[in-house]
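Undergrad: need a structure here:
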Amino acid sequence: MTQEVVRVLLVDDQELVRTGLRGILRSRFGFEIVGELASGEGIVDAVASLRPDVVVMDVRMPRVDGVAATRLLADVPDAPPVLVLTTFEDEEVLAGALRAGAAGFLLKSVPAEDLQRAVRAVAAGDSWLDPAVTGRVLTAYRGAQAPPVSGAAVETLTPREREVLALIGAGLNNTEIAANLFLGEGTIKTHIGHIFAKLGLRDRAAAVVFAFDHGLVQPGRRSG
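TA: Next comes the predicted model:
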């Protein structure tokens, strides 16, 4: 079966980095670079005109950085998800990107195959948190958040919903969760909708944080 092409918008102030990303995310691997920006400035117009499936965004850029640009997209209806890339293991910056609405983050030092998997996963509506810094980033994320959802909220979930939430926290996408639990993808989507509604979660990244916070999964290598 032919893999669907993922349309990517690259946002990074370094031409050399963008060249490297173009090499990794090229058509032979199922990607199409539909546009490039050297700053988060103009991100809203670029997304409207280019209609990417995912935005791959650096965090440290002049004028409008990645966190600010992600925040701008959070206010745009049907905006594509954002995968943040950085060379810095700066948990505060990455936590800020999550709070701004990023679907995940990845260090630029990862193998090319991991970047490809992360971009495809985020484009499909999943989250991706680099295990090398996840623990510290989640600590920083929680530190600046409103009081977390009460642990008692976990009790509102059915056993199956807890299983699904744990697998989300472990980094599995809907297809992988369905295969793991021997259920259809439609059923998994229904469970996820119920989980988000019961726990008041806005997106998949928030569900990952909740799963870590409540002991359903521990920081480490991504499962699946």
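Undergrad: show the pLDDT at the residue lying closest to Ile43 once chain neighbours are set aside.
TA: Sequence neighbours aside, Ala69 is the residue nearest to Ile43 in space, at 4.5 Å (criterion: C-beta to C-beta, 6 or more residues apart in numbering). For every residue, glycine as well, the C-beta is placed using N, CA and C. Reading off the per-residue confidence, Ala69 sits at a pLDDT of 94.
Undergrad: next one: Gly151
TA: Each residue has a pLDDT score; the one for Gly151 is 56.
Undergrad: with Met57 instead?
TA: Value listed for Met57 in the pLDDT field: 95.
Undergrad: for it, helix, strand, or coil?
TA: strand (DSSP: H, G, I helix; E, B strand; the rest coil).
Undergrad: what residues of stretch 98-109 count as buried?
TA: If you call a residue buried by 16 or more other C-beta atoms under 10 Å, then stretch 98-109 has these buried ones: Leu98, Arg99, Ala100, Gly101, Ala102, Ala103, Gly104, Phe105, Leu106, Leu107.
Undergrad: kindly report the same for stretch 55-72.
TA: Taking 16+ other C-beta under 10 Å as the neighbour-count basis, stretch 55-72 is seen to contain the buried residues 55-59, 61, 64-72.
Undergrad: check the average confidence over stretch 105-125, would you?
TA: Stretch 105-125 comes out at a mean pLDDT of 89.
Undergrad: who's in contact with it?
TA: Surrounding stretch 105-125, the residues in contact under the criterion C-beta atoms under 8 Å, 6 or more residues apart in numbering are 6, 8, 17, 21, 24-25, 29-31, 53-54, 56, 80-87, 89, 94, 97-98, 103-104, 127-130, 132-133, 137, 173-174, 204.
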